[in-house]
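Trainee: coords please:
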Amino acid sequence: MHSPLAPLTVSAEDGKIVALDWGWGRDQEETPLLNKARSWLEAYFDGEVALCDLPLAPYGTPEQQAAWQFMLGIPVGQQVNWRDAAHRAGVSPETILSACAENPIPIFIPCHRIDFADCPDYDPDSYPGDEGARDRQFLLDLETLSATPL
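Mentor: Below you'll find the model as predicted:
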């Protein structure tokens with residue numbers, strides 16, 4: 001699909017979303033799940049930002065899974081400090097770093113809501129999008145505008 005960031009490709013296996021990639025990916029047969037994912041992303045980019053309730057199955061370690069599960073509950077337009085996120089998710093700070101850098105389903109799993117401002121080991125361009133820090137900031141700005149009452 002087209003998006004304000006770049007073309008995006010959503011991949012699903014066994015009825016669950018397993019990846020979101022920047023660029024045109026492999027051809028997939030349209031399914032109700034992929035159509036729902038596209039609709040959710042279109043609404044998201046139109047400013048109708050909501051927590052993702054689609055079935056997700058990211059591949060990762062059990063610790064990364066715990067980190068991603070925590071990220072799914074971070075409210076739209078808010079950020080959580082990386083140390084606090086690690087504590088609340090029950091994982092190490094290093095796991096939060098790896099879970100964000102290796103997130104196979106960015107946007108759906110909102111790793112951009114983790115605040116690394118005071119993290120000496122964080123590379124802003126490690127965000128999974130093509131433009132790294134720029135893509136992450138775009139998503140944060142979109143959510144801030146969407147969460148602001150008119």
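
Trainee: Gln69 and Val91 touch, don't they?
Mentor: No. Look at Gln69 against Val91 with C-beta atoms under 8 Å: they stay out of range, at 10.1 Å. Using the backbone N, CA and C atoms, a C-beta is placed for each residue, glycine as well.

Trainee: And these two? Which one has more around it.
Mentor: Between Gln69 and Val91, counted using other C-beta atoms under 10 Å, Val91 has the larger neighbour count: 21 against 15.

Trainee: so where do the helices sit in this structure?
Mentor: Per DSSP state H, the chain carries helices over the ranges 32-45, 62-72, 82-89, 93-101, 133-147.

Trainee: closest one to Gly23 among the ones you listed?
Mentor: helix 133-147 (12.6 Å; C-beta to C-beta).

Trainee: buried set for that closest one?
Mentor: The neighbour-count check on helix 133-147 (16 or more other C-beta atoms under 10 Å) flags 135-136, 138-140, 142-143 as buried.

Trainee: Stretch 112-129 too?
Mentor: 112-116, 122, 126-129.

Trainee: Same question for stretch 7-27.
Mentor: Residues of stretch 7-27 classed as buried by neighbour count (16+ other C-beta under 10 Å): 8-12, 17, 19-22.

Trainee: before we move on, back to that, looking at the buried residues of helix 133-147, which is nearest Ala86?
Mentor: Arg136 (18.6 Å).

Trainee: Look up the pLDDT of that closest one for me, please.
Mentor: In the predicted model, Arg136 carries a pLDDT score of 93.

Trainee: still on that earlier bit, with pLDDT as added columns, please give the buried residues of stretch 112-129 in a markdown table.
Mentor: Output for the buried residues of stretch 112-129, formatted as a markdown table (pLDDT from 0 to 100):
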| residue | pLDDT |
| --- | --- |
| His112 | 95 |
| Arg113 | 96 |
| Ile114 | 96 |
| Asp115 | 95 |
| Phe116 | 93 |
| Tyr122 | 87 |
| Ser126 | 84 |
| Tyr127 | 83 |
| Pro128 | 81 |
| Gly129 | 76 |
